[in-house]
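Colleague: Dropping a prediction and its sequence here:
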Amino acid sequence: MSAETPAAGAPAGVRPLVAERREAGMPTPLVGMLLFIASEVMFFGGLFAAYFNSRATHQGPWGPPHPAPELEILPVALPITIILIASSFTMQFGVWAIRRGDTRKLKLWTAVTLLLGVVFLIGQLYDYSQLGFGISDGIFGTTFYTLTGFHGAHVFGGAVGLTILLARSLQGQFSARNHVAVEAISMYWHFVDVVWIALFTTLYFLR
């Protein structure tokens, strides 16, 4: 029996309706990405909880063990924050482009997003070299590097995903009707962007 032939005794049009409903639902890869992001929210939630608990129970002033002059750390942290926020916009531009079937703009915006992500990672490493304290320098140093380090690892993972996405787009594997992978990677990239905004606010301004 053909996959499009109604089963014996079934009313005409039943199977097309079922197929239409399946097409209208969220693709399984996107559901999987949402579930993965939900687990990552809980993971970072645990790290933030550890940070605030450490801060609440810490005896004495909270902050770097060798505090630098106020705002001295911002010349690096602030620009890379702006860069990562900008990359979230360029990623979305790529999503909108492929929804229109514009593969050329998809390639462009994916490449720009990847470049911005790499610049962010380089900037974060440079920021580490300028802070004047390490992961073993007190509870603040431990929580600071744990939070930012895990986030950096997630950005690196996103950069790998963007690299694969760019390679596939260069091979012409995406179209207006087939771009689920683009949507999934964009969800993840927006997630790491939002997490960094929360980290930046907490570690650089609320400390």
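Modeller: Arrived safely, thanks for sending.

Colleague: Which parts of the protein are helices?
Modeller: In order along the chain, the chain carries the following helices (DSSP state H): 14-24, 28-57, 74-99, 103-131, 138-170, 180-200.

Colleague: of all the ones you listed, which lies closest to L206?
Modeller: Among those, helix 28-57 comes nearest to L206, with 9.0 Å by C-beta to C-beta. Where you see a C-beta, it was placed from the backbone N, CA and C, and this is true even at glycine.

Colleague: Let's have the helices of the chain in TSV, adding mean pLDDT, mean neighbour count and distance to L206.
Modeller: Converted to TSV, the helices of the chain look like this (pLDDT from 0 to 100; neighbours: other C-beta atoms under 10 Å; distance: least, C-beta to C-beta, whole Å):
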stretch	mean pLDDT	mean neighbour count	distance to L206
helix 14-24	45	10	44
helix 28-57	92	13	9
helix 74-99	92	18	13
helix 103-131	94	18	17
helix 138-170	94	18	12
helix 180-200	95	20	10
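
Colleague: and of the ones you listed, who's closest to G63?
Modeller: Distances from G63 to each of the helices of the chain were compared by C-beta to C-beta, and the smallest falls on helix 138-170, at 5.8 Å.

Colleague: which other helices and strands contact that closest one?
Modeller: Counting contacts by 3 or more C-beta pairs under 8 Å, 6 or more residues apart in numbering; DSSP states H and E, helix 138-170 packs against helix 28-57, helix 103-131, helix 180-200.

Colleague: sorry, back to before: any chance of the helices of the chain in JSON lines with distance to G63 as columns?
Modeller: Supplementary listing: the helices of the chain in JSON lines, determined by distance: least, C-beta to C-beta, whole Å:
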{"stretch": "helix 14-24", "distance to G63": "52"}
{"stretch": "helix 28-57", "distance to G63": "10"}
{"stretch": "helix 74-99", "distance to G63": "14"}
{"stretch": "helix 103-131", "distance to G63": "11"}
{"stretch": "helix 138-170", "distance to G63": "6"}
{"stretch": "helix 180-200", "distance to G63": "16"}
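
Colleague: What's the separation between Q92 and A184?
Modeller: From Q92 across to A184, the span is 14 Å (C-beta to C-beta, to the nearest Å).

Colleague: of all the helices of the chain, which lies closest to P64?
Modeller: Distances from P64 to each of those were compared by C-beta to C-beta, and the smallest falls on helix 138-170, at 6.0 Å.

Colleague: thinking again about what came up before, distance to T81 for the helices and strands packed on helix 138-170 - can I get that in JSON lines?
Modeller: As requested, the helices and strands packed on helix 138-170 are arranged in JSON lines below (distance: least, C-beta to C-beta, whole Å):
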{"stretch": "helix 28-57", "distance to T81": "17"}
{"stretch": "helix 103-131", "distance to T81": "9"}
{"stretch": "helix 180-200", "distance to T81": "5"}
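
Colleague: Quick one: closest of these to V76.
Modeller: Of all these, the one in closest proximity to V76, counting by C-beta to C-beta, is helix 103-131 (4.2 Å).

Colleague: relative to helix 74-99, how tilted is that closest one?
Modeller: Orientation check (axes from the mean of the first three to the mean of the last three C-alpha atoms, to 10 degrees): helix 103-131 against helix 74-99 gives 160 degrees.
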